[in-house]
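Structure for this input, please:
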Amino acid sequence: MPASPSDSHPSAAATQRRILALAWPVMLSNITVPLLGLVDSAILGHLDNASHLGAVAIGAQLFTLLCWSFGFLRMGTTAACARSLSERGVQDALQHGMWLALALMPPLLLMAWLLLPPLLPWMGASALVESGAREYLQIRALAIPAVLLQYVFTGWFIGRGDTRVPLVVMVLTNLVNASLDAVLVFGVGMTADGVALGSVLADYTGLLAAYGFARRAGLPGVRQWLAQWPGLATLQPLIRINRQLFVRTLVLLLVLTLFQAGGARQDDLVLAANSLLLSLLMLIANALDGFAHAAESLAGQALARQQSYQVRQLVRLTGLDSLLLAMVLTLLCALGGDWLWPLLTDNPQLLPVLDQYSLFLAGLPLIGFGSYWLDGVAIAAGATTTMRNAMLLSALVFLGIWQLLGFMGNAGLWLALYGFLLCRALAALPFLRRLYLDPLGFAPKS
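Take a look at the predicted model:
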């Protein structure tokens, strides 16, 4: 297809510099999220009873299931902002996202306090783990307003091509969180409740920082902003984008919750080991998401400008970057277990369980990089239906493999997760082919 009149042909080196300039702050920002989980796990892993670690693992998973189900606020705001055809549209993307977040807060708080605790017995954990998880959830739910609004702020900054602000906010949030966790657990003598309280206080610290940066970037003051209700009809495009992303995110988190439940039904040590390994998987995924977020912002902007050559170039380069990083991470995972496990826990019963399943961790970067990268490309193209359908199919693959290989115990559970990640990438390949052949078919309409 011939390039559009507005198309340009920057060199691969110039485009690569733009990708890296956006990707490295996102990587560092994203890495701090699972690193915080690793810090929490390491703090609780040094207590005498592994049930504290299991309690936070299950409680955090259920809290994440609830809040990350609404993580579409981040992706939807990024898509709306990056694909905007005017500066006014960029500002509207933030304000509309914030209004949507405010509307979701009351039902989400009620769900956290009324619906999550009854799910704990279904997880199949021991009585000690269940009791600690219940206490964790009661406190952690207080952070929901801050979490939702931070999703919107993060998506807006990434969509504008500013990835350094989310890095600063996330590092600040996690430093506060890690410090408070250490003080509350080791200093005050709290356990799962201390980890929850530290997280709540840190989330509101991050929200205040994000709001300050947004004010500097042109966001109206609170009074002026609250007086500018856009109307439900104006929010409809954002709601349409987010509806598909909501289903996609909910299915993803259900799979991760089933994974945790599968470990809990074996014993507390397997649950604790899976929790640590899953935290490392999140670390890997969030590192790889740096190039996915770069694709979201840069490819979305190129589509808005109808620059088909740049879209193809960005798809190629971000995909290659993701593959190379995945190869490096695979090597690190394969070689790093002997020195990493003692940093995470000194429980003599837990260490051999981690060694037993560490090989599954090593293959995850190469198995999973395609799914993370293609999510970013799909968001840039507004192809949220593709993301939803790929996730639904992959969840069925996960359940099917788990049922077939259930006799293998925890190894079968990890193989099911492998199948889930691989299917997500394969299911999105037809979309990728259509985008590459006709980028302007995915350009926003003026």
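
Below-threshold pLDDT in the stretch 251-400 of the chain: ranges please.
337 (pLDDT under 70).

go with 50
For the stretch 251-400 of the chain, no stretch is flagged by pLDDT under 50.

That one: helices as residue ranges?
Listed in chain order, the helices of the stretch 251-400 of the chain (DSSP state H, counting those that start in this stretch) span 268-304, 308-344, 350-381, 384-404.

Over to the stretch 101-250 of the chain?
127-140, 144-159, 164-182, 192-216, 222-226, 232-264.

what about Arg223, distance to Arg83?
Taking Cβ to Cβ, to the nearest Å as the measure, Arg223 falls 30 Å from Arg83. The C-beta positions use only the backbone N, C-alpha and C, and glycine is treated the same way.

neighbour-wise, which of those two wins?
Comparing Arg223 with Arg83 by other Cβ atoms under 10 Å, the one with more neighbours is Arg83, at 25 against 7.

can you tell me which residues contact that one?
Gly300, Gln301, Leu303, Ala304, Ala380, Gly382, Pro444 (Cβ atoms under 8 Å, 6 or more residues apart in numbering).

Can you report how many residues neighbour the third one?
Leu303 has 25 neighbours, counted by other Cβ under 10 Å.

Surely it is in contact with Pro439?
Yes: with contact defined as Cβ atoms under 8 Å, Leu303 counts as touching Pro439 (6.6 Å).

Need the overlap of contacts for these two.
Shared contacts of Leu303 and Pro439, counting by Cβ under 8 Å, 6+ apart, come down to Val311.

give the contact list for Gly71.
Gly71 touches Tyr151, Leu245, Thr249, counting by Cβ under 8 Å, 6+ apart.

before we move on, back to that, now, the most widely separated pair of the contacts of Arg83?
Distance extremes for the contacts of Arg83: the farthest pair is Gln301 and Gly382 at 12.8 Å, using Cβ to Cβ.

Quick check, central residue of this structure?
A centroid search over the chain (Cα atoms, centre = their mean) returns Asn286, at 6.9 Å, as the residue closest to the centre.

hmm, back to that, CSV for the contacts of Arg83, including distance to Leu116?
Converted to CSV, these look like this (distance: Cβ to Cβ, whole Å):
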residue, distance to Leu116
Gly300, 34
Gln301, 39
Leu303, 39
Ala304, 39
Ala380, 34
Gly382, 32
Pro444, 38
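
Closest to His52 out of those residues?
Out of the contacts of Arg83, the member with the shortest distance to His52 (by Cβ to Cβ) is Ala380, at 41.7 Å.

In contact with that closest one, which residues?
Ala380 neighbours (Cβ under 8 Å, 6+ apart): Ala79, Ala82, Arg83, Ala295, Glu296, Ser297, Leu298, Ala299, Gly300, Leu303.

Next: Gly45.
Here Gly45 is in contact with Leu53, Ala272, Leu276, Leu344, Thr345, Asp346, Asn347, Leu350 (Cβ under 8 Å, 6+ apart).

7 Å - rerun?
Applying Cβ atoms under 7 Å, 6 or more residues apart in numbering, we find Gly45 in contact with Leu53, Leu344, Thr345, Asn347.

quick one: which of these has the most company?
If you count neighbours using other Cβ under 10 Å, the busiest of those is Leu53, which has 32 neighbours.

Now that one: which helix or strand?
In this assignment (DSSP states H and E), Leu53 forms part of helix 51-67.

Give me the helices and strands touching that helix, please.
In terms of contacts (3 or more Cβ pairs under 7 Å, 6 or more residues apart in numbering; DSSP states H and E), helix 51-67 is packed against helix 12-45, helix 87-114, helix 127-140, helix 192-216, helix 232-264, helix 268-304.

6 Å instead, please
Packed against helix 51-67, as judged by 3 or more Cβ pairs under 6 Å, 6 or more residues apart in numbering; DSSP states H and E, are the following elements: helix 12-45, helix 127-140, helix 192-216, helix 232-264, helix 268-304.

so of those, which one's packed in deepest?
helix 268-304 (a mean of 25; mean count of other Cβ atoms under 10 Å).

and it, how far from the chain's centre?
6 Å (Cα atoms, centre = their mean, to the nearest Å).

which helices and strands does that helix pack with?
Using 3+ Cβ pairs under 6 Å, 6+ apart as the test, helix 268-304 ends up in contact with helix 12-45, helix 51-67, helix 72-82, helix 232-264, helix 308-344, helix 350-381.

hmm, back to that, ok, which of the helices of the stretch 101-250 of the chain comes nearest Ala42?
helix 164-182 (9.7 Å).

Return the set of buried residues in that closest one.
The neighbour-count check on helix 164-182 (16 or more other Cβ atoms under 10 Å) flags 164-174, 176-178, 180-182 as buried.
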